[in-house]
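In: sequence plus predicted model, see below.
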Amino acid sequence: MSLFRTKSIEQSMADSEEPGRELKRTLSTFDLMILGVAVAVGAGIFSVGAKAAGSFAGPAVTLSFVLAAVTCALAIMCYAEFASAIPVAGSAYTYTYATLGELLAWIIGWDLILELFTAGAVIAKYWGIYLSNVFLLFGMDVPSTVSVFGLELTWGPLLIVAIFTTLLVLGTELSARVNNVFTIIKVAIVLFVIVIGFMYVRAENYTPFVPDPVPTASTGGSVWTQSLFSFLSGAEPQQYGVLGILAGAALVFFAFIGFDVVATSAEEVRNPQKTLPRGIFGGLAIVTVLYILVALALTGMVSYKDLAQADEASLATAFIDVGADWAAQVISVGILIGLTTVIMVLLMGLARVAFAMSRDGLLPRWLSHTTEHQKTPARVQILSGALVALVAGFTNVDVLEEMINIGTLSAFILVSIGVVVLRKKRPDLPRAYRVPGSPVVPILAAVLCFWLMLNLTTLTWLRFAGWLVIGLAIYFLYGRRHSRLNHPELIPVEHEREEHHRLDHEQRVRERKEHRHPPGP
């Protein structure tokens with residue numbers, strides 16, 4: 001039994017139509033674009049640029065955003081080619097299974113679970129905190145935490161996760177409609193803030209655009225808080241300059257993690273070969289423009305030195321510094337609405353990855369059943385929502401923020417390599433979209449993603465290694481033995497049994513109808 005056995009594309013397509021485990025295709029290009037914007041534009045658009053400008057890049061943070069966007073675009077090209085060739089659930093996990101083998105597919109699926117679960121819990125936690133802040137704006141002092149059996153519970157995450165888990169179980173199309181409304185509102189708020197921000201811009205704040213590099217004083221000499229690149233190379237950690245721009249890109253890359261989540265919905269998209277590439281690239285273009293405009297407004301309003309001295313630098317900090325306190329209140333409402341849609345898309349993506357892995361037998365197969373009418377993976381959706389809500393409600397998850405980035409980047413690397421492999425293995429496979437300049441562009445994408453990974457802290461890498469060890473233990477103790485590739489003789493039997501049950505059910509329904517309404521003479 002090879003650790004690198006692959007699952008054929010034909011089998012993946014056939015499994016997507018397996019009775020009782022199929023999803024309904026309801027999403028359009030517009031829905032996908034909004035999904036990408038929904039998950040990428042959250043609290044980060046109001047805060048991550050300020051942190052990157054103050055601590056790493058200065059006004060050149062706009063270049064950090066451009067570099068992060070280019071890196072994301074190169075990787076997303078690879079996702080788009082895969083999605084047009086293998087339009088089934090699972091995203092990077094499914095693509096890796098078809099090209100690089102089961103072990104690496106398990107690792108990347110496990111990484112995606114890390115990314116989506118951690119992101120969902122972190123953002124749900126922040127949603128609860130910002131909800132209390134919005135209450136304060138209206139003169140209501142509602143605490144974000146309550147005591148439950150002696151434990152501190154942040155109740156907001158439980159509320160919002162429960163609402164969206166219910167919506168996702170009721171149907172992807174319904175969830176998408178709700179998401180579209182919230183996303184349009186938050187984009188309108190972002191555009192409003194950008195326009196007001198440019199009214200306070202002063203040209204001297206853009207000078208120097210790339211500040212001279214200085215030693216980083218924030219690491220305190222700790223090996224765990226410096227980047228892995230600094231640790232391995234012995235280079236002294238720096239703020240600003242070229243290395244500062246690169247470090248800023250590693251931080252703001254968090255702003256672009258949503259687009260791999262969009263690919264997890266491939267099995268629920270109408271005409272996926274054309275719709276997926278258009279939706280993904282359209283969403284990425286909108287998000288990139290919004291982030292660059294926010295960064296330009298932010299660094300033009302106040303000096304990057306003021307942002308560096310702030311305890312929690314954000315766009316609200318800049319508005320308060322220029323005397324526009326009211327705008328900070330608008331931003332608080334925008335953050336709450338922004339986080340709302342992020343949570344929904346992350347919950348959907350987490351359930352789709354786990355659904356694909358369970359359908360393949362690497363996780364328990366009972367998780368991959370879908371509901372009869374709406375065709376949603378209710379079991380895994382409810383389990384995912386419950387775990388995210390409990391972790392967000394009862395634990396301090398914000399210390400794991402960088403785990404989101406490292407999970408995403410590792411997925412991007414394997415997908416980029418996988419495109420090159422698939423071109424070699426299956427040149428005959430129809431593709432509605434092809435990455436231009438292959439294999440150079442996919443390899444460049446993989447190299448840039450690996451560089452961004454090296455700029456994450458050594459502590460993040462250590463936690464990542466621990467997560468991989470846990471995942472490998474689960475794979476060798478359970479997944480490898482229960483994989484459907486390990487039991488090919490059961491696949492037709494399962495299909496036959498479930499088809500028999502379906503036909504038997506339809507026959508009983510017909511008989512009941514005939515009994516109630518017998519045919520006339």
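Out: Looks like it arrived, so ask away. Residues are numbered from 1 along each chain as shown.

In: what helices or strands is the helix or strand hosting F231 leaning on?
Out: Element membership for F231, per DSSP states H and E: helix 228-233. Applying 3 or more CB pairs under 8 Å, 6 or more residues apart in numbering; DSSP states H and E, we find helix 228-233 packed against helix 440-454, helix 458-474. Where you see a C-beta, it was placed from the backbone N, CA and C, and this is true even at glycine.

In: switch to 7 Å and redo it
Out: helix 458-474 (3 or more CB pairs under 7 Å, 6 or more residues apart in numbering; DSSP states H and E).

In: go ahead and name everything in contact with the helix it packs on.
Out: Residues from elsewhere that reach helix 458-474 (CB atoms under 7 Å, 6 or more residues apart in numbering): 106-107, 110, 114, 223-226, 228, 231, 402-403, 406.

In: tell me the most packed of these, by neighbour count.
Out: Tallying neighbours with other CB atoms under 10 Å puts W106 at the head of the contacts of helix 458-474, with 26 neighbours.

In: ok so it is a strand residue?
Out: No: per DSSP: H, G, I helix; E, B strand; the rest coil, W106 lies outside any strand segment and is helix.

In: surely it touches G479?
Out: Yes: using CB atoms under 7 Å, W106 is in contact with G479, at 5.8 Å.

In: mutual contacts of those two, please.
Out: Residues touching both W106 and G479 comprise L362, with contact defined as CB under 7 Å, 6+ apart.

In: skipping its backbone neighbours, what lies nearest L23 in space?
Out: E267 (4.6 Å; CB to CB, 6 or more residues apart in numbering).

In: need the contacts of helix 458-474 in CSV with distance to A89 and pLDDT, can you?
Out: Formatted as CSV, the contacts of helix 458-474 follow (distance: CB to CB, whole Å; pLDDT from 0 to 100):
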residue, distance to A89, pLDDT
W106, 16, 95
I107, 18, 93
W110, 16, 93
L114, 18, 87
V223, 40, 71
W224, 37, 67
T225, 38, 71
Q226, 39, 74
L228, 33, 76
F231, 38, 73
E402, 27, 67
M403, 23, 75
I406, 23, 83
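
In: make a markdown table from the residues you listed and add distance to A250 to it.
Out: Shown next, in a markdown table, are those (distance: CB to CB, whole Å):
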| residue | distance to A250 |
| --- | --- |
| W106 | 26 |
| I107 | 22 |
| W110 | 22 |
| L114 | 18 |
| V223 | 18 |
| W224 | 16 |
| T225 | 14 |
| Q226 | 13 |
| L228 | 11 |
| F231 | 14 |
| E402 | 9 |
| M403 | 14 |
| I406 | 10 |
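
In: OK, contacts around F182?
Out: I337, T340, T341.

In: could you dump stretch 352-365 to PDB, C-alpha only?
Out: Taking C-alpha atoms only, stretch 352-365 is exported to PDB below (Å, rounded to 0.1, in the frame of the first residue of the first chain):
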ATOM      1  CA  ARG A 352     -16.500  21.100   2.800                       C
ATOM      2  CA  VAL A 353     -12.900  20.000   3.400                       C
ATOM      3  CA  ALA A 354     -13.900  17.600   6.200                       C
ATOM      4  CA  PHE A 355     -16.800  16.400   4.000                       C
ATOM      5  CA  ALA A 356     -14.400  15.600   1.100                       C
ATOM      6  CA  MET A 357     -11.900  13.800   3.400                       C
ATOM      7  CA  SER A 358     -14.700  11.700   5.100                       C
ATOM      8  CA  ARG A 359     -16.200  10.800   1.700                       C
ATOM      9  CA  ASP A 360     -12.800   9.300   0.800                       C
ATOM     10  CA  GLY A 361     -12.700   7.400   4.100                       C
ATOM     11  CA  LEU A 362      -9.800   9.300   5.600                       C
ATOM     12  CA  LEU A 363     -12.200  10.600   8.200                       C
ATOM     13  CA  PRO A 364     -15.300   8.600   9.400                       C
ATOM     14  CA  ARG A 365     -17.600   8.100   6.400                       C
END
